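Student: Show me how the following folds:
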Amino acid sequence: MSDQLQSTLKRLFDRHRIVFWYDAARELKNDFDALSMDGVEKLEIVNNEFGLKHRILRQEPKQRFLLYQHGPKPRNEDNWLLDVLLAEGELRTDQAAIWLSELGLGPEFGDLVSEHAEFFGAEKRKQALAKMLKGDDVASALRLKMLAVCAGAEPRIDSLLEHLFQELADDRDEKQRLIQRCGLEGFLWKQLERYFGYRSDNPGLRDFVVELFKSAYAHGTSGEMTLTEGALVMLKRWKDSRRFAEGFETLSAECAGVLGIEQDLLKRDFRQLLELDYFELIDRKIIHDLVHAVAERAWAPGEIIAWVQQRRQSHWYREDFASLYEALEAAAAFVRALDESELGMESLADGYRHYHQTWYKLDAYYRRFIHHLRSASQASLMGPLADQIENLYVNNYLLPVNDRWQAYVDRAERWAVPDAIAQQRFFDHWVQRYLDQDFRICVIISDALRYEIGADLQRRILGEDRYDCRIEPMLSQLPSYTQLGMASLLPHQALEIEPKKGASVLVDGQSATGTANRDKILKKSLDGQAEATTFDVVMGLNKDDLRERLKGARVLYIYHNQVDRVGDKRDSEGQ
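Tutor: Below you'll find the model as predicted:
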């Protein structure tokens, strides 16, 4: 008796008291004779059906029996033991039965296994299926799991389709052809009809994909759908899947061409499309219309900002499109801020106050607009708006403010603004106060941080919800250039510009060019209890090394590497 038959019989007796064995090929009589199983009595069917039935049902109702017939199973109408057979188990020794046995499936799946013999002929497929099986599986669940094995998917219709869609997007068809060979294609179409309402005289995966996009787009624009709500849910899941996003985008572009989406969008109001992101063309349409809306003042800036923020949920809101949307938001915010700004001033102090309270936002919005515009590879879409923002920034903001500011500067007897802290007082005003209280203080210096950028940094720091942060303006030195600005932040009694040495600056007679010289100035002023270093050096040290290096330093000046590249090289100052 083979181990396989022995194992099969054991599983059958775990579920049944009586097991029938019809040896149709008359090849296994010796195996039957040699069989010995604890608690199982062997009986042979030889024209003794009535006697057997009486014994197994009446005389010994608790005994387990193996009933063997040397020959094929009789037809149902000729089988006097049919009622018992239907109620109990049957050992089958054909190929289908062997597969059933290997998988632990009952005889009710015999026809299914025979129908899909191609599937069960591969050991790897059987092993993969075995891992998915559950005791309460019905035929439809079993076939779905077989489809999942063919596609390398999870046994869910959405997972199955995601894998098949990806193969379609990759212009391959190995999985589809395997499904056909295994006789599962008809079942697949029935499932698409059941779950999604897909019907076609010539069903196909590509046809279903086109119908899927068509139905979703129609639902979003006209409220009509040819497929079910379940199809819409499945499409959104596929669209939002990181693993299958590339396949979604490939098929989305293909379906957009088939469905004539570009032509249809021409007649659509972009506001109809704000909830849709099935096609990249939708975002192009929205961006195009919003560009003109800002440039032509067709909508209030606040509405445009709200629409842009709504599009942040779009599948396509990343990389290039994200830059375009962010540029649009900055442009709308700039226009709104310009409309709300009174750009007049009555004194230097008035202009100084206006700038650090409100006007700085105009520089911030303009900077963000230019930054995002330069980050976008499709900046040509912003053409009309870019020209207008530049014109508004220069002619409606910079020139008027500069002219009024310059008029007051020309009339001023000295460079000072009441209640404004001058840059050269930085150390005395900000650093010394902490030293007087025996605090240690770290100063991070980056002259690229204009006031409006500092305000942006403050907003981000406060957004962490872990730190306190405040910002105050200072009045820059004149002339305003990097070397003088750097020197002004150091402790000093006197500053001196050396025009013959590239306008370098002396601090109390000591050159302030370069980090090493600034370190000397700090140490001299603070009896060696100070350190000047660079951002790159600090980031290259571990915690212990940094602690050792800074031991005894009451003041630490950290110069960002950007500053050294720019501040120490006058020919790069415009960077």
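
Student: Which parts of the stretch 301-450 of the chain are strands?
Tutor: For the stretch 301-450 of the chain, the strands defined by DSSP state E, counting those that start in this stretch occupy 441-445.

Student: any low-confidence regions in it?
Tutor: Of all residues in the stretch 301-450 of the chain, none has pLDDT under 70.

Student: What segments of it are helices?
Tutor: Using DSSP state H, counting those that start in this stretch, the helices of the stretch 301-450 of the chain run over 301-311, 319-340, 348-354, 360-375, 383-391, 399-411, 426, 432-435.

Student: now do the stretch 101-250 of the chain
Tutor: Assigned by DSSP H, counting those that start in this stretch, the helices in the stretch 101-250 of the chain fall at 110-115, 117-120, 123-132, 139-151, 157-169, 174-181, 185-196, 205-221, 229-239, 245-259.

Student: Reformat the ones you listed as CSV; add mean pLDDT.
Tutor: Formatted as CSV, the helices of the stretch 101-250 of the chain follow (pLDDT from 0 to 100):
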stretch, mean pLDDT
helix 110-115, 92
helix 117-120, 95
helix 123-132, 96
helix 139-151, 98
helix 157-169, 98
helix 174-181, 98
helix 185-196, 98
helix 205-221, 97
helix 229-239, 97
helix 245-259, 98
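
Student: Turn these into a markdown table, columns for mean neighbour count and distance to Lys73.
Tutor: Every residue, glycine included, has its C-beta placed from N, CA and C. Output for these, formatted as a markdown table (neighbours: other Cβ atoms under 10 Å; distance: least, Cβ to Cβ, whole Å):
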| stretch | mean neighbour count | distance to Lys73 |
| --- | --- | --- |
| helix 110-115 | 16 | 12 |
| helix 117-120 | 18 | 20 |
| helix 123-132 | 14 | 26 |
| helix 139-151 | 21 | 22 |
| helix 157-169 | 21 | 37 |
| helix 174-181 | 16 | 31 |
| helix 185-196 | 18 | 29 |
| helix 205-221 | 19 | 41 |
| helix 229-239 | 17 | 44 |
| helix 245-259 | 17 | 50 |
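
Student: Nearest to Glu41, out of those helices?
Tutor: Evaluated over the helices of the stretch 101-250 of the chain, closeness to Glu41 peaks at helix 110-115, with 26.1 Å, by Cβ to Cβ.

Student: Distance to Phe65 added to the helices of the stretch 101-250 of the chain, as JSON lines?
Tutor: Formatted as JSON lines, the helices of the stretch 101-250 of the chain follow (distance: least, Cβ to Cβ, whole Å):
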{"stretch": "helix 110-115", "distance to Phe65": "22"}
{"stretch": "helix 117-120", "distance to Phe65": "30"}
{"stretch": "helix 123-132", "distance to Phe65": "30"}
{"stretch": "helix 139-151", "distance to Phe65": "29"}
{"stretch": "helix 157-169", "distance to Phe65": "44"}
{"stretch": "helix 174-181", "distance to Phe65": "41"}
{"stretch": "helix 185-196", "distance to Phe65": "38"}
{"stretch": "helix 205-221", "distance to Phe65": "51"}
{"stretch": "helix 229-239", "distance to Phe65": "49"}
{"stretch": "helix 245-259", "distance to Phe65": "57"}
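
Student: mind listing what the closest residue to Ser314 other than its chain neighbours touches?
Tutor: In space, Ser314 comes closest to Asp277 once its chain neighbours are excluded; the distance is 4.1 Å by Cβ to Cβ, 6 or more residues apart in numbering. Residues in contact with Asp277 (Cβ atoms under 8 Å, 6 or more residues apart in numbering) are Lys239, Asp283, Gln313, Ser314, His315, Trp316.

Student: Helix, strand or coil: sort out Asp277 for me.
Tutor: coil (DSSP: H, G, I helix; E, B strand; the rest coil).

Student: How much space separates it from Asn542?
Tutor: According to Cβ to Cβ, to the nearest Å, Asp277 stands 46 Å off from Asn542.

Student: per-residue confidence for Asp571?
Tutor: With respect to pLDDT, Asp571 has a value of 46.

Student: Look up how far Leu168 lies from the most centrally placed residue in the chain.
Tutor: Closest to where the C-alpha atoms of the chain average out (Cα atoms, centre = their mean) is Arg242, at 5.9 Å. Between Arg242 and Leu168 the distance is 19 Å, computed by Cβ to Cβ.

Student: repeat for Arg75
Tutor: Using Cβ to Cβ, Arg75 is found at 48 Å from Leu168.

Student: Asp527 now?
Tutor: In terms of Cβ to Cβ, Asp527 sits 75 Å off from Leu168.

Student: how deep is Ala530 tucked in, by neighbour count?
Tutor: Residues lying near Ala530 (other Cβ atoms under 10 Å) number 26.

Student: There's contact between it and Leu522 in this structure, I believe.
Tutor: Yes: using Cβ atoms under 8 Å, Ala530 makes contact with Leu522 at a distance of 3.7 Å.

Student: Now do the shared contacts for the two.
Tutor: Common neighbours of Ala530 and Leu522, using Cβ under 8 Å, 6+ apart, are Val555, Tyr557.

Student: Would you map out the domains in this structure?
Tutor: The chain breaks down into these domains under automatic domain parsing: 3-134, 140-265, 300-411, 423-572.

Student: Tell me which of the ones you listed sits nearest to Ala293.
Tutor: domain 300-411 (6.0 Å).

Student: What distance separates the opening and closing residues of that closest one?
Tutor: 40 Å (Cα to Cα, to the nearest Å).

Student: chain center to it, what's the gap?
Tutor: 30 Å (Cα atoms, centre = their mean, to the nearest Å).

Student: Can we start the residue count at 284 from this point?
Tutor: Renumbered: residue one is now 284, and that last one reads domain 583-694.

Student: And the helix or strand hosting Leu745, what's buried?
Tutor: Using DSSP states H and E, Leu745 sits within helix 734-746. Within helix 734-746, the residues scored as buried using 16 or more other Cβ atoms under 10 Å are Tyr734, Glu735, Gly737, Ala738, Asp739.

Student: so what does it touch, helix or strand wise?
Tutor: Secondary-structure packing of helix 734-746 (3 or more Cβ pairs under 8 Å, 6 or more residues apart in numbering; DSSP states H and E): helix 643-658.

Student: Hey, what's the angle from the helix it packs on to helix 666-674? Just curious.
Tutor: Inter-element angle recorded for helix 643-658 and helix 666-674: 140 degrees (by axes from the mean of the first three to the mean of the last three Cα atoms, to 10 degrees).

Student: Share the number of residues neighbouring the closest residue to Pro774 other than its chain neighbours, please.
Tutor: Nearest non-adjacent residue to Pro774, counting by Cβ to Cβ, 6+ apart: Ser808, 4.0 Å away. Using other Cβ under 10 Å, the number of residues around Ser808 comes to 18.

Student: so what's Ser808 up against?
Tutor: With contact taken as Cβ under 8 Å, 6+ apart, Ser808 is in contact with Leu773, Pro774, His775.

Student: Just read off the phi/psi values of Val790.
Tutor: Note on Val790: its backbone torsions stand at phi -110, psi 110 [degrees, to the nearest 10].

Student: That one and Ala777: what is the separation?
Tutor: From Val790 across to Ala777, the span is 8 Å (Cβ to Cβ).
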